[in-house]
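1. fold the following, please.
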Amino acid sequence: MSSLASSSSSPPSPSPSASASSSPASPSATPSLATDGPARETADADLPAVPTWPDTHALYERFAALVNQPMRPIRPDAMPKVLRWFDEHCAGSKRLAERAATVIPGGVQHNLAFNHPFPLAIAQARGAHLTDVDGNRYIDFLQAGGPTLLGSNPPAVREAVQALLDDCGPVTGLLHAYEVELAERVCRHMPGVEMLRMLGSGTEAVMGAVRLARTFTRRQRVIKIGGAYHGWSDQLVYGMRLPKTGRMEATGIPRGATAHTQECLPNDPEALRRLLRWNRLRGGTAAVLLEPFGPESGTRPVHREFNAQVRALCDEFGALLIFDEVVTGFRAGLGGAQAYFGVTPDLTVLGKCLAGGYPMAGAIGGKREIMMSLVGGIGTTSRRAFVGGTLSANPLSCVAGYHALLEAERTNAPGVAARAGDRLRRGLEEIIERRGLPYVAYNIGSIVHLQTSGVLLLDTSSLWKLFRLKDEARRRKHMMEEMGAAFTAHGLISVAGSRLYTSLADTDAVIDDALNRFDDVMALT
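-> Residues are numbered from 1 along each chain as shown. Sure thing, here's the model as predicted:
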């Protein structure tokens, strides 16, 4: 692709597959780990999916330093060059975006597709790269929002899907062998999953898990850890992305829908205890729902011991513990975050990786005695939590999920992707330090965070703080969008300019190429 030149005043120059920089950002800091053949496969088999848990106390000090100093955005003289790149190189995407805006609200069907200054239209996804309709090639750290742990469109999965389509098509409405085999495989890997019920998405699975918890416990109240995203169902559009914001985004949702939803700040077990104790006086708590890495895939990472503390509190107060592993299963390893932490939830929500990047990826897993309240069938007289879905557990999704898990097992994809995440984070830290920037880079395995504006790290723990920070949050959000545009213009696709998912396809060469490009962007600040 033709990528934006780093800091010169000349127009962008062509560089089909290399960065504008002539050398890696830090060769000495990121030595080559690549080997070939059986030796590499043997070494890869031993790679952990989460090599180390970050020092969260130190991270929160750095977060505070980031948001308590002036922002370091793209320079005013550099941003017009970034935007001009889109006009000069993305005409096809721009035309499609303009057409989309006439028939699709906002011009995008999915929040991840928003890109400043306009959405990109992708023509090809393969491995670690995306190519748009104009022929521009990008390193893909979006990875569809996380599900493509193997990289985009892996042949082993694609070929199995094609064979199934030739035999029976994508859906039958009846039982298929692959839905049994996928369920067996998930149950084999995940400690807290004895039975599995597939649904259409992570949002549906969370809805079902909450309904199931209320059915089983005969209680109503659900406590979520504030700032987490658990889908867009009425009851959980509450305290999203920023803790203690309650119903801030609950437009069109009756207050009754969130009347039994509560939130608690992450990393505050004593506050959770107080809320559980108060609820006990009013009928108890059905469940505590959390992302085991912390809200927004670890944007506010939890302390290492937090999940175990929540487990103990749930046991003490008779509440179910629900792990939302839509992102962490199976990025945290084939056993999920529950295996990594050694903390077994009562219910597990799955999505994304479950179907290997194919549609209809959602499931509830859990202990048999609880899961039996999801028994299917029409007209049953048993007490059950009703769920359904015409396309749930369809053969297409199940064959993709089964073979994606097989390939992840064979290649140790979680460990290989985590090694790439470590390499990327080390390189980003070197660039940030060398350029004297206040940014914070850290990773939890294959989930890499790059905080440049800190908009999701602002202290919103009270209504007064939220009101006072409203304008600053708007400015910091705009900075994050501009950073994302600059990354894109340099051939890097990220999650909203602040999160980077690595995959099995990210070789050392891919990561080093990406670091060169990140260095070019940071030279513009």
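2. quick one, helices of the stretch 101-250 of the chain?
-> 155-167, 177-189, 202-217 (DSSP state H, counting those that start in this stretch).
3. what's the most buried one of those?
-> By mean neighbour count, with neighbours taken as mean count of other C-beta atoms under 10 Å, helix 202-217 ranks first of the helices of the stretch 101-250 of the chain at a mean of 24. C-betas here are computed from N, CA, C, even on glycine.
4. from the chain's centre, how far out does that one sit?
-> Taking C-alpha atoms, centre = their mean, to the nearest Å, the mean C-alpha location of helix 202-217 is offset from the chain mean by 21 Å.
5. could you do stretch 355-368 as well?
-> Counting by C-alpha atoms, centre = their mean, stretch 355-368 comes out at 15 Å from the chain centroid.
6. also stretch 286-294?
-> That offset, for stretch 286-294, works out to 15 Å (C-alpha atoms, centre = their mean).
7. hey, which helix is longest across this structure?
-> helix 413-434 (DSSP state H).
8. what packs against that helix?
-> Helix 413-434 sits against helix 37-45, helix 328-331, strand 440-444, strand 447-451, helix 508-522, with contacts defined as 3 or more C-beta pairs under 8 Å, 6 or more residues apart in numbering; DSSP states H and E.
9. can we see that at 10 Å?
-> Applying 3 or more C-beta pairs under 10 Å, 6 or more residues apart in numbering; DSSP states H and E, we find helix 413-434 packed against helix 37-45, helix 328-331, helix 395-411, strand 440-444, strand 447-451, strand 499-501, helix 508-522.
10. give me the buried positions along the fifth one.
-> Of all the residues in strand 447-451, those buried under the rule 16 or more other C-beta atoms under 10 Å are Ile447, Val448, His449, Leu450, Gln451.
11. surely Leu457 meets Glu61?
-> No - using C-beta atoms under 10 Å, Leu457 is not in contact with Glu61, being 11.7 Å away.
12. hey, what's in contact with both of those two?
-> Common neighbours of Leu457 and Glu61 (criterion: C-beta atoms under 10 Å, 6 or more residues apart in numbering): Val440.
13. okay, these two: which has more neighbours?
-> Using other C-beta atoms under 10 Å as the criterion, Leu457 and Glu61 rank with Leu457 on top: 21 against 12.
14. for that one, give me its contacts.
-> Here Leu457 is in contact with 59-60, 62-64, 66-67, 227, 242, 299-300, 440, 451, 476 (C-beta under 10 Å, 6+ apart).
15. who wins on neighbours among those residues?
-> Taking other C-beta under 10 Å as the neighbour criterion, Arg300 ranks highest of the contacts of Leu457 with 26 neighbours.
16. flag the shaky bits of this structure, pLDDT-wise.
-> In the predicted model, the chain carries pLDDT under 70 at residues 1-42, 377-381, 463.
17. and it, what are its domains?
-> 54-135+412-522, 176-410 (automatic domain parsing).
18. I'd like these laid out as JSON lines, including distance to Phe141.
-> Listed next are the domains of the chain as JSON lines, based on distance: least, C-beta to C-beta, whole Å:
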{"stretch": "domain 54-135+412-522", "distance to Phe141": "4"}
{"stretch": "domain 176-410", "distance to Phe141": "13"}
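19. burial check on the closest residue to Asp346 other than its chain neighbours, number of neighbours?
-> Leaving out its chain neighbours, the residue that sits closest to Asp346 by C-beta to C-beta, 6 or more residues apart in numbering is Leu320, at 4.1 Å. By other C-beta under 10 Å, 25 other residues sit near Leu320.
20. how about Asp315?
-> Neighbour count of Asp315, defined by other C-beta under 10 Å: 11.
21. which is the next helix or strand following the helix or strand hosting it?
-> For Asp315, the host element (DSSP states H and E) is helix 306-317. If you walk from helix 306-317 toward the C-terminus, the next helix or strand you reach (DSSP H and E) is strand 320-324.
22. and that next one, what does it pack against?
-> helix 202-217, strand 221-225, strand 285-290, helix 306-317, helix 336-341, strand 347-351, strand 362-366.
23. let's have the ones you listed in JSON lines, adding distance to Val103.
-> Listed next are the helices and strands packed on strand 320-324 as JSON lines, based on distance: least, C-beta to C-beta, whole Å:
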{"stretch": "helix 202-217", "distance to Val103": "24"}
{"stretch": "strand 221-225", "distance to Val103": "35"}
{"stretch": "strand 285-290", "distance to Val103": "36"}
{"stretch": "helix 306-317", "distance to Val103": "44"}
{"stretch": "helix 336-341", "distance to Val103": "39"}
{"stretch": "strand 347-351", "distance to Val103": "28"}
{"stretch": "strand 362-366", "distance to Val103": "27"}
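24. who wins for proximity to Thr258 among the ones you listed?
-> strand 221-225 (9.9 Å; C-beta to C-beta).
25. buried ones in that closest one?
-> Arg221, Val222, Ile223, Lys224, Ile225.
26. quick one, that strand and strand 285-290 angle?
-> Interaxial angle, strand 221-225 versus strand 285-290 (axes from the mean of the first three to the mean of the last three C-alpha atoms, to 10 degrees): 20 degrees.
27. now for strand 221-225, which elements pack on it?
-> Judged by 3+ C-beta pairs under 10 Å, 6+ apart, the packing partners of strand 221-225 are helix 202-217, strand 261-264, helix 269-280, strand 285-290, helix 306-317, strand 320-324.
28. which of those sits closest to Pro395?
-> That would be helix 202-217 among the helices and strands packed on strand 221-225, by C-beta to C-beta, at 18.6 Å.
29. report all helices and strands that the closest one contacts.
-> With contacts defined as 3+ C-beta pairs under 10 Å, 6+ apart, helix 202-217 has these neighbours: strand 195-199, strand 221-225, strand 285-290, strand 320-324, strand 347-351, strand 362-366, helix 368-371.
30. can you lay out those as TSV showing distance to Gly106?
-> Listed next are the helices and strands packed on helix 202-217 as TSV, based on distance: least, C-beta to C-beta, whole Å:
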stretch	distance to Gly106
strand 195-199	26
strand 221-225	27
strand 285-290	29
strand 320-324	26
strand 347-351	23
strand 362-366	24
helix 368-371	38
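31. so which of the ones you listed is nearest Val161?
-> strand 195-199 (16.4 Å).
32. got the CA positions of that closest one in PDB?
-> C-alpha atoms of strand 195-199 as PDB (Å, rounded to 0.1, in the frame of the first residue of the first chain):
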ATOM      1  CA  MET A 195     -22.800 -28.400  29.600                       C
ATOM      2  CA  LEU A 196     -23.100 -25.900  26.800                       C
ATOM      3  CA  ARG A 197     -26.100 -24.200  25.100                       C
ATOM      4  CA  MET A 198     -25.300 -22.200  21.900                       C
ATOM      5  CA  LEU A 199     -27.000 -19.000  21.000                       C
END
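33. ok, which of the helices and strands packed on helix 202-217 comes nearest Lys465?
-> Short answer: strand 221-225, nearest of those by C-beta to C-beta, at 18.3 Å.
34. which strands border the closest one, and is each parallel or antiparallel?
-> Sheet pairing of strand 221-225 (DSSP bridges) gives strand 261-264 (parallel), strand 285-290 (parallel).
35. please identify the deepest-packed of those.
-> Buried most deeply of those, by mean count of other C-beta under 10 Å, is strand 285-290, with a mean of 26.
36. quick one: that one to helix 269-280, angle?
-> 160 degrees.
37. what about strand 285-290, distance to the chain center?
-> 21 Å.
38. before we move on, back to that, I'd like to know which of the strands paired with strand 221-225 is closest to Val327.
-> With C-beta to C-beta as the yardstick, what comes closest out of the strands paired with strand 221-225 is strand 285-290 (12.3 Å).
39. I appreciate the help and will end here.
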